[in-house]
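Enquirer: sequence below, structure please.
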Amino acid sequence: MRLLTHNFLKSNVKGTENGYPLSIEVTSIRCDESPVDKEFLLNLLPKVNYPALRTAVQQVNPHCDPPLSEIPEELNVSDKDGNQNLDDTVIANLHRVLFDIYLVEGWLVCPDTGRKFPVKDGIPNMILHEDEI
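Expert: Sure thing, here's the model as predicted:
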């Protein structure tokens, strides 16, 4: 599961008021390389919850070898014109964390209820138990 996917997932357990963002508990992680597509990344950024992405990066970084490069502490993802001027290193680092880091095995944890959703073979299982619907 890419960190991009993680950025869109939330817990829908009955009674949950704050099921986003899910915390990541890493058992196994994979880091691949893919070509950077700046235009695609810049078009995608406005849909990303940047503070949640930064938190996810902090949670997976200790498990990455080599460690992930820094991404800006703050970024106005909705500023399309301003983001056109991001330097190539920042673009490459954002691309890496969104597209090249995969949670292979681990857990996604609801911040409200503590419910753990398993991730196996890179696939998050967000199916709720009958009593959670």
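Enquirer: give the contact list for K14.
Expert: By Cβ atoms under 8 Å, 6 or more residues apart in numbering, the contact list for K14 reads L128, D131, E132, I133. Bear in mind the C-beta positions are built from the backbone N, C-alpha and C, glycine included.
Enquirer: need the pLDDT of it.
Expert: K14 carries a pLDDT value of 91.
Enquirer: likewise for E132?
Expert: At E132, pLDDT is 85.
Enquirer: so it touches C110, yeah?
Expert: No: applying Cβ atoms under 8 Å, one finds E132 not in contact with C110, separated by 10.1 Å.
Enquirer: can you list the contacts of K14 in a markdown table and add distance to Q58, neighbour count and secondary structure?
Expert: Formatted as a markdown table, those follow (distance: Cβ to Cβ, whole Å; neighbours: other Cβ atoms under 10 Å; DSSP: H, G, I helix; E, B strand; the rest coil):
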| residue | distance to Q58 | neighbour count | secondary structure |
| --- | --- | --- | --- |
| L128 | 28 | 13 | coil |
| D131 | 33 | 7 | helix |
| E132 | 28 | 14 | helix |
| I133 | 32 | 8 | coil |
